[in-house]
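Visitor: just coords:
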């Protein structure tokens, strides 16, 4: 029986365009006295990814400007209620207001989601491999609302080196009856798990998850494995 | 910065009606050489709760019998596709086939969800307090599918001693603009986190999560805090 550790890293300063996230990550690890190990999973929250990739736009705070931004970032709006829009983004995510961060941003700005979060995750992973010779997995997370249940949870929007969806329990049914669904969205479970330590830690966009089963590591991406096409969806 | 540990407990035998789950839990802890501590969170998967509460019914394997069971356990069926029913259970959960386990059960039987999983969690918590003098939180978990995203995740269906939904990041917005949604469904995040260690561990219904922030502990229940009433839902 192997236990898993959720380790938040120390806070870093404000991230700006062209800041090197792997520099910041390695600095934060050094402050923590922690060394990355083979098959660690590195969690990076989307906001610092967006900022380092220049996904910051001007925003005058008006409803009209907000709707313009949402429209630009979405394929379509699925529902409206008051100031809330439930959108399908160009990535295929269904979320609130196209995932645009309109608050807790610098005056006069809004922060958009990364353009291709799987690519962001792959690039961070490749940089860690190049600079430390270590194979880790990287998940980029964002906070989404859900249907049917109150509250938000963190989910994966980008993945590299982890199988986002995994058959955890095997598919054989000894009694020959209806199979249970066994494709487990482990990328979303690790994202939510990391939020348990990141949510309370101001200014910390990084966590390390250590001890995950070897079978969790491998190829895959959020866009190909985790996003359900509209045609396969009973509620859209 | 405090790290959180996800600790799976050793496997236990097949659970039957009137088995004492806290006996089994304490036995499993002893095998692991682990002692419960104040503010541990104990995760219990729903199937053993159901079995110990006698929620096992006869099932002949036919579609007709399956539909009868689903109808009995549901308020209504929201969608149908092939053998799949998306249901709203009497608890208010939206899930597949009313959460009935039709496979990996003893020949000729199906396992229903616990009747009142919050009460089950409260009883387990009270028994641990009585027998060990320790205040833990208890979450009963089950595996649910989602909309818009592939794969299943474990979620909380019963809770005692943990605040199921928590304002993690504070509500103040320094810039005076739109507030982000900050009510975080930590009960679902801990359920998914536990599945990362339980999913690979055959025959293990118990995990301990250690190191959660003190602010996570307190009153609340899944039925009152986590289930969104149909009237508040944009997709039902």
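Guide: Sure, I can see it. Quantities reported herein were computed from a predicted structural model and do not represent experimental measurements.
Visitor: Would you map the strands across chain A?
Guide: Ranges of strands in chain A, per DSSP state E, are A:4-8, A:41-45, A:56-58, A:74-81, A:84-89, A:94-96, A:109-111, A:137-145, A:152-160, A:166-167, A:183-184, A:206-210.
Visitor: Compute the inter-axis angle for the first one and strand B:4-8.
Guide: Note on geometry: by axes from the mean of the first three to the mean of the last three C-alpha atoms, to 10 degrees, strand A:4-8 and strand B:4-8 are set 170 degrees apart in direction.
Visitor: strands paired with strand A:4-8, and their directions?
Guide: Using DSSP bridges, the strands paired with strand A:4-8 in its sheet are strand A:206-210 (antiparallel), strand B:4-8 (antiparallel).
Visitor: Please determine how far residue A:119 is located from residue B:162.
Guide: Using C-beta to C-beta, to the nearest Å, we find residue A:119 at a distance of 37 Å from residue B:162. C-beta: built from backbone N, CA, C; applies to glycine.
Visitor: Pick out whichever of these two has more residues nearby.
Guide: More neighbours surround residue B:162 than the other of residue A:119 and residue B:162, with 28 against 16 (other C-beta atoms under 10 Å in any protein chain shown).
Visitor: got the contact list for that one?
Guide: The neighbours of residue B:162, taking C-beta atoms under 8 Å, 6 or more residues apart in numbering or on different chains as the test, are B:41, B:137, B:138, B:139, B:186, B:187, B:190, B:216, B:217, B:218, B:220.
Visitor: Show me what it bridges to in the sheet.
Guide: residue B:217.
Visitor: Look at it and report its pLDDT.
Guide: Note for residue B:162: predicted pLDDT of 98.
Visitor: Columns mean pLDDT and distance to residue A:20 on top of the strands paired with strand A:4-8, output as JSON lines?
Guide: Shown next, in JSON lines, are those (pLDDT from 0 to 100; distance: least, C-beta to C-beta, whole Å):
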{"stretch": "strand A:206-210", "mean pLDDT": "98", "distance to residue A:20": "13"}
{"stretch": "strand B:4-8", "mean pLDDT": "98", "distance to residue A:20": "28"}
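Visitor: between these, which gets nearest to residue A:131?
Guide: With distances scored as C-beta to C-beta, the stretch of the strands paired with strand A:4-8 nearest to residue A:131 is strand A:206-210 (15.2 Å).
Visitor: Report the contact partners of residue A:226.
Guide: A:156, A:159, A:164, A:165, A:185, A:187, A:188, B:149, B:150, B:151.
Visitor: Neighbour count and distance to residue B:132 for the residues you listed - can I get that in CSV?
Guide: Converted to CSV, these look like this (neighbours: other C-beta atoms under 10 Å in any protein chain shown; distance: C-beta to C-beta, whole Å):
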residue, neighbour count, distance to residue B:132
A:156, 29, 37
A:159, 32, 40
A:164, 29, 39
A:165, 21, 38
A:185, 25, 35
A:187, 32, 36
A:188, 29, 34
B:149, 26, 39
B:150, 19, 41
B:151, 23, 36
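Visitor: Wait, residue A:202 touches residue A:10, no?
Guide: No: assessed by C-beta atoms under 8 Å, residue A:202 is found out of contact with residue A:10, at 10.9 Å.
Visitor: Look at those two and report which has more neighbours.
Guide: Shown here are residue A:202 and residue A:10; by other C-beta under 10 Å, residue A:10 has more neighbours (17 against 9).
Visitor: could you flag which of the contacts of residue B:162 are buried?
Guide: B:41, B:137, B:138, B:139, B:186, B:187, B:190, B:216, B:217, B:220 (16 or more other C-beta atoms under 10 Å in any protein chain shown).
Visitor: Now the residues you listed in CSV, please, with extra columns for pLDDT and distance to residue B:86.
Guide: CSV is the format used below for the buried ones among the contacts of residue B:162 (pLDDT from 0 to 100; distance: C-beta to C-beta, whole Å):
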residue, pLDDT, distance to residue B:86
B:41, 98, 30
B:137, 98, 30
B:138, 98, 28
B:139, 98, 24
B:186, 97, 25
B:187, 98, 22
B:190, 98, 25
B:216, 96, 31
B:217, 97, 33
B:220, 97, 26
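Visitor: Closest one to residue A:57 out of the residues you listed, please.
Guide: residue B:186 (31.6 Å).
Visitor: quick one: the closest residue to residue A:96 other than its chain neighbours from residue A:151, how far?
Guide: Spatial nearest neighbour of residue A:96, chain neighbours left out: residue A:145 (5.4 Å); criterion: C-beta to C-beta, 6 or more residues apart in numbering or on different chains. Distance of residue A:145 to residue A:151, computed by C-beta to C-beta: 8 Å.
Visitor: ok, now residue A:123?
Guide: Residue A:123 is 31 Å from residue A:151, by C-beta to C-beta.
Visitor: Check the contact between residue A:136 and residue A:43; I expect there is one.
Guide: No: assessed by C-beta under 8 Å, residue A:136 is found out of contact with residue A:43, at 10.5 Å.
Visitor: Compare those two (neighbour count), which wins?
Guide: The residue with more neighbours, out of residue A:136 and residue A:43, is residue A:43; 27 against 23, by other C-beta under 10 Å.
Visitor: doesn't residue A:192 make contact with the more buried one?
Guide: No: in this structure, residue A:43 is not within contact of residue A:192 by C-beta under 8 Å, at 10.5 Å.
Visitor: Report pLDDT for residue A:170.
Guide: As predicted, residue A:170 sits at a pLDDT of 53.
Visitor: Over to residue A:236?
Guide: pLDDT, read off for residue A:236, is 79.
Visitor: Just give the closest residue to it, not the sequence neighbours.
Guide: Of all residues not flanking residue A:236 in the chain, residue A:230 sits nearest, at 5.2 Å (C-beta to C-beta, 6+ apart).
Visitor: correct me, but the one you found touches residue A:94?
Guide: No: at 9.2 Å, residue A:230 does not count as touching residue A:94 under the criterion of C-beta under 8 Å.
Visitor: Sheet partners, orientation included, of the helix-or-strand element of chain A with minimal mean pLDDT?
Guide: The weakest-scoring helix or strand in chain A, judged by mean pLDDT, DSSP states H and E, is strand A:166-167 (a mean of 88). With DSSP bridges as the test, strand A:166-167 is paired with strand A:183-184 (antiparallel).
Visitor: What's the separation between residue A:137 and residue A:210?
Guide: 11 Å.
Visitor: Report the residue spans of chain A with pLDDT below the cut-off.
Guide: Across chain A, residues meeting the criterion (pLDDT under 70) sit at A:1, A:169-181.
Visitor: domains for it, by residue range?
Guide: A:5-53+A:114-227, A:56-113 (automatic domain parsing).
Visitor: From the opening residue of the first one to its closing one, how far?
Guide: Read that as domain A:5-53+A:114-227. 27 Å (C-alpha to C-alpha, to the nearest Å).
Visitor: any chance you could map the helices in chain A?
Guide: Listed in chain order, the helices of chain A (DSSP state H) span A:21-32, A:46-52, A:63-73, A:117-132, A:186-198.
Visitor: which of those helices is buried the deepest?
Guide: helix A:186-198 (a mean of 28; mean count of other C-beta atoms under 10 Å in any protein chain shown).
Visitor: Quick one: list the elements packing against that helix.
Guide: Applying 3 or more C-beta pairs under 8 Å, 6 or more residues apart in numbering or on different chains; DSSP states H and E, we find helix A:186-198 packed against strand A:4-8, strand A:41-45, strand A:137-145, strand A:152-160, strand A:206-210, strand B:4-8, strand B:152-160, helix B:186-198.
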